[in-house]
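Visitor: Model the following, please.
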Amino acid sequence: MKISKILAGMSAMALAASMMTMGASAAITGADSNGNMIYDVKTLTEANNIKISDVYGVRAYFSDSAAGVVEQGAGGGFIFSSKSNNWNQKQWCNGCGESETHDIQYDAATKSITRLEETPFWTDVDVSDAEGEYAQIAFCEWWGGDIDFSKIVLLDKDGKEIEGTDVNPGGNSVDLSAYDATEVTLAGNGKAKVDTGKVRVNVNNPWGEDVDKLITPADFEGVDAIAVTAEFDAITDPVDFAINFAIFSDNGPQYWGEGNAANKGCSTEAVTVNADGSYTFLLKFDEPLTVDGDLFLDLQSAFEAATDDDIPFAAKVTSVKALTLKDAPASSESTADSTESTDSTDSDESKVILVDSTDSKTNSAATSSKAANNASNTNPSTGAAALAAVGVALAGAAVVATKKRK
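Guide: Numbering: from 1, shown residues only. The predicted model follows:
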């Protein structure tokens, strides 16, 4: 092989590795687990009484620090989405090279990127709240450093900003459709407090004051999950919160943050509180919870403050739900197999254990519970096209959106 071909191959591999590294490091502050930052169009229009038929485009302004990052080179997707026109994606970039043709170029003068259509993209039906309908704006970054947006504005047919458009609404959406939910009675709403130098919102802290004890532990006997919703106000910078939990019993489930060696029997994910709004946190148990004592439950952050008076934002718990998994319907095939196992004298050993064991009732219940929990542990946001392939960001669970993509 000629040396020129060898060098060319090495160069191509180096370039590919470089692009993969850039893609892995790129992130948008406040984005979901797929790297998609999603805004609900209806929220933006209703906040300022804007007709959806007047909206032809969107302009996204980068923060000053993000603009500095983009000016060093970055790129990604700029998406308009609805049920009728799912995940309509164009590419934005800066410094992508003359050989690459992208739809939207970074405007250094305004520190923004703009997408403008010839006709309104969304319709009244998209924002009607009818079953399955939705209207979303989404951004993703495929390469470059970490970025964030300072505001998002809607544009008219001439590309002018529609006056009064609110930006960056907060809140998230969590799919609880797999569960039967029971709203538990709260003794109060709690507040953001400092403990060991970090800010938390207590839901039930047996060692705390009355304001830290909002629930009755016995209400969670036998649950498969717990959902906590809190309202945040005066958020100026993104803060990650996650549920911390412990049950006061031998070998009970507990969770003390991602990667903690003491975690066992349950799982959760941190939620980025990026703006004022209502956020829901979900804790899942590997097995139905047994409550034979007290429990600890809070929303924990890494935000540092010396005293409660130094906390720049406010928080309160507005809802706590006890969740039990809905019964999964048995398939006709499973029923047929069970009947065959019962009737056949030649059934293999596994079928005999399931059907003929003296502990068959216990075994069946355990198997059903395990299967249900396995199904629940699948990330519910995948229904909104939650995970994106590297370099091709698909739709994610709505960080802000109230409707999921189908």
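Visitor: Break the protein into its domains for me.
Guide: 3-172, 179-325 (automatic domain parsing).
Visitor: now these in JSON lines, with mean pLDDT and mean neighbour count?
Guide: The way it works is simple: take the backbone N, C-alpha and C, and place the C-beta from them, glycine included. JSON lines is the format used below for these (pLDDT from 0 to 100; neighbours: other C-beta atoms under 10 Å):
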{"stretch": "domain 3-172", "mean pLDDT": "82", "mean neighbour count": "17"}
{"stretch": "domain 179-325", "mean pLDDT": "94", "mean neighbour count": "17"}
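Visitor: tell me which element Cys140 falls in.
Guide: Using DSSP states H and E, Cys140 sits in strand 135-143.
Visitor: where does Asp240 fall, helix, sheet strand or coil?
Guide: Under DSSP: H, G, I helix; E, B strand; the rest coil, Asp240 falls in the strand class.
Visitor: How much space separates it from Glu269?
Guide: Look at Asp240 and Glu269: by C-beta to C-beta, to the nearest Å, they are 10 Å apart.
Visitor: Repeat that for Ser53.
Guide: For Ser53, the distance to Glu269 equals 38 Å [C-beta to C-beta].
Visitor: contacting residues for the closest residue to Lys42 other than its chain neighbours?
Guide: Distances taken as C-beta to C-beta, 6 or more residues apart in numbering place Val127 nearest to Lys42, at 4.2 Å, with adjacent residues excluded. By C-beta atoms under 8 Å, 6 or more residues apart in numbering, the residues touching Val127 are Val41, Lys42, Thr45, Ile52, Glu133, Ala135.
Visitor: Redo those residues as CSV? Include distance to Asp298.
Guide: Listed next are the contacts of Val127 as CSV, based on distance: C-beta to C-beta, whole Å:
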residue, distance to Asp298
Val41, 34
Lys42, 33
Thr45, 36
Ile52, 40
Glu133, 37
Ala135, 35
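Visitor: between those residues, which is closest to Lys326?
Guide: Using C-beta to C-beta, Glu133 is the member of the contacts of Val127 that lies nearest Lys326, at 24.7 Å.
Visitor: my guess is the closest one contacts Trp122, does it?
Guide: No. Glu133 lies out of contact with Trp122 (C-beta atoms under 8 Å); the separation is 10.0 Å.
Visitor: if we can go back for a sec, who are the packing partners of the strand holding Cys140?
Guide: Packing partners of strand 135-143 (3 or more C-beta pairs under 8 Å, 6 or more residues apart in numbering; DSSP states H and E): helix 3-25, strand 37-40, helix 41-46, strand 74-82.
Visitor: Which residue ranges of the stretch 101-250 of the chain form strands?
Guide: Taking DSSP state E, counting those that start in this stretch, the strands of the stretch 101-250 of the chain run over residues 104-105, 112-116, 135-143, 149-155, 179-183, 192-195, 198-204, 225-233, 239-247.
Visitor: can I get those in a markdown table with distance to Phe78?
Guide: Converted to a markdown table, the strands of the stretch 101-250 of the chain look like this (distance: least, C-beta to C-beta, whole Å):
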| stretch | distance to Phe78 |
| --- | --- |
| strand 104-105 | 6 |
| strand 112-116 | 5 |
| strand 135-143 | 6 |
| strand 149-155 | 11 |
| strand 179-183 | 35 |
| strand 192-195 | 35 |
| strand 198-204 | 34 |
| strand 225-233 | 28 |
| strand 239-247 | 26 |
